[in-house]
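**Student:** What follows is a predicted protein model with its sequence.
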Amino acid sequence: MVEQARAHDPPAARASPAYAPRQPQNTALYKVMQAHLATFLQTWQDDADGRCLPRHVTAELREFITCGIPQHGFAHLHCDSCQARHVVPFSCKGRGFCPSCGGRRMNEGAANLVDHVLPTGVAIRRCGRDDPSLGSGRPPHRSERAELPHSAPTSGLDVKALRWPRMLNQ
């Protein structure tokens, strides 16, 4: 009964969740990167052969080691309403490797789509390359197209399977 009453309270009346900083140094990925990053980069740095990783890759890998660690920089925040003080570590803002920063970017992108791009009140259905009924996502080559005779029964066939041949024959 108490939980139902809380669900109907206005957002300002509900207690906000307590801030808990993440602990990246306790994850397996961080431990592996911290232990083996120097060896990995040295293996890929071959001066005789000229083979090396691009600078942006090595920079992102090095910044991942500092992401979320207060010893590498933080902001000290103070809340005027509840008088709480928090130390918030800086993030690497990486795009491709850091799971925390990548997840945040993905959530921000989705929120932007929902708030500013997609129309409201319109049903939206996910459809893309991950949908196995759409095949590989590319139109088939002419040799791969299945031509159906005009007299072929289509009542039991999937309409999506017939879409590509029809589009390509126009």
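**Tutor:** Looks like it arrived, so ask away.

**Student:** Measure how buried residue 64 is and give me the count.
**Tutor:** Neighbour count of residue 64, defined by other Cβ atoms under 10 Å: 23. All C-beta spots, glycine's among them, are computed from the backbone N, C-alpha and C.

**Student:** Let's verify it: helix, strand, or coil?
**Tutor:** Following DSSP: H, G, I helix; E, B strand; the rest coil, residue 64 is assigned to helix.

**Student:** what does residue 107 give?
**Tutor:** helix.

**Student:** And for it, the neighbour number?
**Tutor:** Residue 107 has 10 nearby residues by other Cβ under 10 Å.

**Student:** how much space between it and residue 45?
**Tutor:** 35 Å (Cβ to Cβ, to the nearest Å).

**Student:** In PDB, list the C-alpha atoms belonging to the longest helix seen in the chain.
**Tutor:** Looking across the chain with DSSP state H, the single longest helix is helix 28-44. In PDB, the C-alpha atoms belonging to helix 28-44 read as follows (Å, rounded to 0.1, in the frame of the first residue of the first chain):
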ATOM      1  CA  ALA A  28      37.500  -7.100 -15.300                       C
ATOM      2  CA  LEU A  29      38.100  -5.000 -18.400                       C
ATOM      3  CA  TYR A  30      39.800  -2.300 -16.400                       C
ATOM      4  CA  LYS A  31      42.100  -4.800 -14.600                       C
ATOM      5  CA  VAL A  32      43.100  -6.400 -17.900                       C
ATOM      6  CA  MET A  33      43.700  -3.100 -19.600                       C
ATOM      7  CA  GLN A  34      45.700  -1.700 -16.600                       C
ATOM      8  CA  ALA A  35      47.900  -4.900 -16.500                       C
ATOM      9  CA  HIS A  36      48.500  -5.300 -20.200                       C
ATOM     10  CA  LEU A  37      48.000  -2.000 -22.000                       C
ATOM     11  CA  ALA A  38      51.700  -1.100 -22.100                       C
ATOM     12  CA  THR A  39      52.600  -4.500 -23.500                       C
ATOM     13  CA  PHE A  40      49.800  -4.400 -26.000                       C
ATOM     14  CA  LEU A  41      50.900  -1.000 -27.300                       C
ATOM     15  CA  GLN A  42      54.600  -2.000 -27.400                       C
ATOM     16  CA  THR A  43      53.700  -5.100 -29.400                       C
ATOM     17  CA  TRP A  44      51.900  -3.000 -32.000                       C
END
